[in-house]
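Participant: give me a 3D structure for the following:
(chains A and B)
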Number of protein chains: 2
Amino acid sequence: MAGNNSQPGRTVASRMLAILDAFDFEHPRLTLTDLAHRADLSLPTAHRLVGELTRWRGLEREDDGTYRVGLRLLELGLLSGLHTQLRDVAMPFMQELYEATRENVHLAVRDGDNALYVEKLTGHRSVPIISRTGGRLPLHTTGVGKALLAWASPADIDDHLSQPLSHPTRYSIREPGRLRRDLQRTRRRGFSTTREEMTLGSCSVASPVLVDDEPVAAVGVVVRSSHLDLDRLAPPVIAAAHGIGTRLAEAGDDPYPGYVHDVTLRSVR
Amino acid sequence: MAGNNSQPGRTVASRMLAILDAFDFEHPRLTLTDLAHRADLSLPTAHRLVGELTRWRGLEREDDGTYRVGLRLLELGLLSGLHTQLRDVAMPFMQELYEATRENVHLAVRDGDNALYVEKLTGHRSVPIISRTGGRLPLHTTGVGKALLAWASPADIDDHLSQPLSHPTRYSIREPGRLRRDLQRTRRRGFSTTREEMTLGSCSVASPVLVDDEPVAAVGVVVRSSHLDLDRLAPPVIAAAHGIGTRLAEAGDDPYPGYVHDVTLRSVR
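Facilitator: Residues are numbered from 1 along each chain as shown, chains lettered A, B, ... in the order given. Have a look, this model is predicted:
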């Protein structure tokens, strides 16, 4: 990819976005040379754009000379509706679910074929798992993902089942027919389960957050495989998902429904 | 501001950042006209840049035609060190503190004269307050802010005390001498308190997260003013701050110290 640095069709704006896109889970810190390479830019162009982004505090330069995503981008991201409308409303319900289970509690939305994890609550006693806030995992191997997929349109489900299905563990469901039956069962029961389909040693239970029958998010818990009765986790998970959905529907288009409006805002900024 | 749209010194990159800067707590949703005005850009320039940002999914267009911060910026922000190194490490300790108090638990860092709230845990029973994740509040009127300020260098404290001190409530401390004594007491005791200094009806207790004696963050709880004995909240707050600091020091420069490394990462993305 590198080397072809003078594409006339590339706008300055797209070059700047390419720099931001160079960062991902595997590459949270990058040198200027890495950045130029991954963004397919000449070193001087990368240097200039990284400089602007750093002065703006969207990037931060570490002591070792590498760059990483900075405060300003976190601050901006936290203004998104996923955070202020969904996560802030969901938090107290997730907290209740955490208290009932003491396990990892997840809130995820669908983004294409992935579940994007918007929030995760973890205690010291929760089972170690690979999900992280801001991370993505496949829809069909995770509890939250299956809950999102089970309430998708039939055409959307058909489309998903027609693709090659990844299999992070030997228990991941790779057969379209079996997955379809699993999704039907999920929908019938109101909650999904996974048994070591994403990570050996972990199981999950999740339920969709429905607003006007649309699955806008899913909430779930991940527990050790030694957990004796997964179905017993379903009621608190369903209750949390239902509580969040109801509160979101009431909130309508309030940009900050999780926020207390009767307290003065004058000094917030 | 608007009208002067052809400043020759303004780079395309800075125009794009100006569009992002147009969004803030009071303006989470903006029309294209608002965006052009707030970023001081012509409508065609704003239209083009907003188009690029929307295709990139850094902005999202709502049904009513307004724009807001989108999924891609949230996802990027969550790669920042403030999130992956600080917040992820702090979460289980914050969770314990929440369980001990059932009140709002905050994690904040210092950004200039503000405390920037990196994480907030809230339950249904927590007192309604104005802090929000991603929001900012003054250092000298908040528990987390005083904890950060009390461990700052003497020159830094002098500098802060020489500025006009804002007073969100009639109980906010506006006198430099009184604030200095409060900070000295905070440092001596290992925790800060506020009594209705930010919001009438709310009090707080906070403690700094120290790494190599530097206050890298602060953790605190906010409770109703009717709470009988604020000092009794200090031990669990101090324990949480100490736990986070110890874990951060151990983690060194691991970009994901809150993350379980012994689980396969192969299928994370």
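Participant: extract the C-alpha trace of stretch A:64-77 and format it as CSV.
Facilitator: C-alpha atoms of stretch A:64-77 as CSV (Å, rounded to 0.1, in the frame of the first residue of the first chain):
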residue,chain,number,x,y,z
ASP,A,64,8.8,7.1,23.6
GLY,A,65,7.8,9.1,20.5
THR,A,66,4.8,7.0,19.6
TYR,A,67,1.4,8.5,19.1
ARG,A,68,-2.0,7.3,20.5
VAL,A,69,-5.5,8.5,20.5
GLY,A,70,-5.9,11.5,22.8
LEU,A,71,-8.3,13.1,25.2
ARG,A,72,-10.1,15.2,22.6
LEU,A,73,-11.3,12.2,20.6
LEU,A,74,-12.5,10.4,23.7
GLU,A,75,-14.3,13.5,24.8
LEU,A,76,-16.0,13.9,21.4
GLY,A,77,-16.9,10.2,21.2
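Participant: hmm, stretch A:172-180 touching chain B?
Facilitator: No. Stretch A:172-180 lies out of reach of chain B by C-beta under 8 Å from any C-beta of the partner chain, never closer than 9.0 Å. Quick note: C-beta positions are derived from backbone N, CA and C, even for glycine.
Participant: and that stretch, what's buried?
Facilitator: A:172-173, A:176, A:179-180 (16 or more other C-beta atoms under 10 Å in any protein chain shown).
Participant: give me the number of residues near the residue lying closest to A:E99 once chain neighbours are set aside?
Facilitator: In this structure, A:E99 finds its nearest non-sequential neighbour in B:E99, 7.0 Å apart by C-beta to C-beta, 6 or more residues apart in numbering or on different chains. Per other C-beta atoms under 10 Å in any protein chain shown, the neighbour tally for B:E99 reads 17.
Participant: just to revisit the earlier point, want to try a markdown table for the buried residues of stretch A:172-180, with pLDDT as columns?
Facilitator: Formatted as a markdown table, those follow (pLDDT from 0 to 100):
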| residue | pLDDT |
| --- | --- |
| A:S172 | 97 |
| A:I173 | 97 |
| A:P176 | 96 |
| A:L179 | 97 |
| A:R180 | 98 |
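Participant: for those, which one is nearest chain B?
Facilitator: Of all those, chain B sits closest to A:S172, with 9.0 Å by C-beta to the nearest C-beta.
Participant: quick check: that closest one is in a strand.
Facilitator: No. According to DSSP: H, G, I helix; E, B strand; the rest coil, A:S172 belongs to no strand; its state is coil.
Participant: and it, how far is that from B:V69?
Facilitator: Relative to B:V69, A:S172 is positioned 34 Å away (C-beta to C-beta, to the nearest Å).
Participant: identify the residues contacting the single longest helix found in chain A?
Facilitator: Among the segments of chain A that qualify as a helix by DSSP state H, the longest is helix A:234-251. Contacting residues not belonging to helix A:234-251 are listed as A:85-86, A:89-90, A:93-94, A:96-97, A:100-101, A:105, A:147, A:189-191, A:205-212, A:216-221, A:257 [C-beta atoms under 8 Å, 6 or more residues apart in numbering or on different chains].
Participant: using PyMOL, define a selection of the buried residues within those residues.
Facilitator: The following PyMOL line selects those of these that are buried, judged by 16+ other C-beta under 10 Å:
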select buried, chain A and resi 85+86+89+90+93+94+96+97+100+101+105+147+190+191+205+206+207+208+209+210+211+216+217+218+219+220+221+257
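Participant: which residues in chain A form helices?
Facilitator: A:12-21, A:32-39, A:43-55, A:71-77, A:81, A:88-101, A:143-150, A:154-161, A:176-189, A:234-251.
Participant: now distance to B:L30 too, for those helices, in CSV please.
Facilitator: Output for those, formatted as CSV (distance: least, C-beta to C-beta, whole Å):
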stretch, distance to B:L30
helix A:12-21, 18
helix A:32-39, 28
helix A:43-55, 22
helix A:71-77, 13
helix A:81, 13
helix A:88-101, 20
helix A:143-150, 29
helix A:154-161, 31
helix A:176-189, 38
helix A:234-251, 20
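Participant: quick one: closest of those to B:G77.
Facilitator: Of all the helices of chain A, helix A:71-77 sits nearest to B:G77, with 2.9 Å by C-beta to C-beta.
Participant: who touches that closest one?
Facilitator: Outside helix A:71-77, the residues touching it (C-beta under 8 Å, 6+ apart) are A:20, A:56-60, A:83, B:20, B:23, B:69, B:73-78, B:80, B:82-83, B:109, B:111, B:116, B:118, B:134.
Participant: strands - which of the residues you listed land there?
Facilitator: A:59-60, B:69, B:109, B:111, B:116, B:118 (DSSP state E).
Participant: isn't the residue nearest to A:E99 up against A:A100?
Facilitator: No. At 12.0 Å, B:E99 does not count as touching A:A100 under the criterion of C-beta atoms under 8 Å.
Participant: same for chain B: which of the contacts of helix A:234-251 are within range?
Facilitator: A:E96.
Participant: per-residue pLDDT, A:H160?
Facilitator: Per-residue pLDDT puts A:H160 at 95.
Participant: and it, how many neighbours?
Facilitator: 19.
Participant: what about it, distance to chain B?
Facilitator: Distance of A:H160 to chain B, given as C-beta to the nearest C-beta, to the nearest Å: 17 Å.
Participant: show me what contacts that residue?
Facilitator: A:H160 neighbours (C-beta under 8 Å, 6+ apart): A:113, A:139-140, A:149, A:152.
Participant: from A:G220, how far out is it?
Facilitator: Taking C-beta to C-beta, one finds A:H160 at 19 Å from A:G220.
Participant: cool, A:P138 as well?
Facilitator: Per C-beta to C-beta, A:P138 is found 14 Å from A:G220.
Participant: and the helices of chain A, which is most packed in?
Facilitator: For the helices of chain A, the largest average neighbour count (mean count of other C-beta atoms under 10 Å in any protein chain shown) is found in helix A:143-150, namely a mean of 30.
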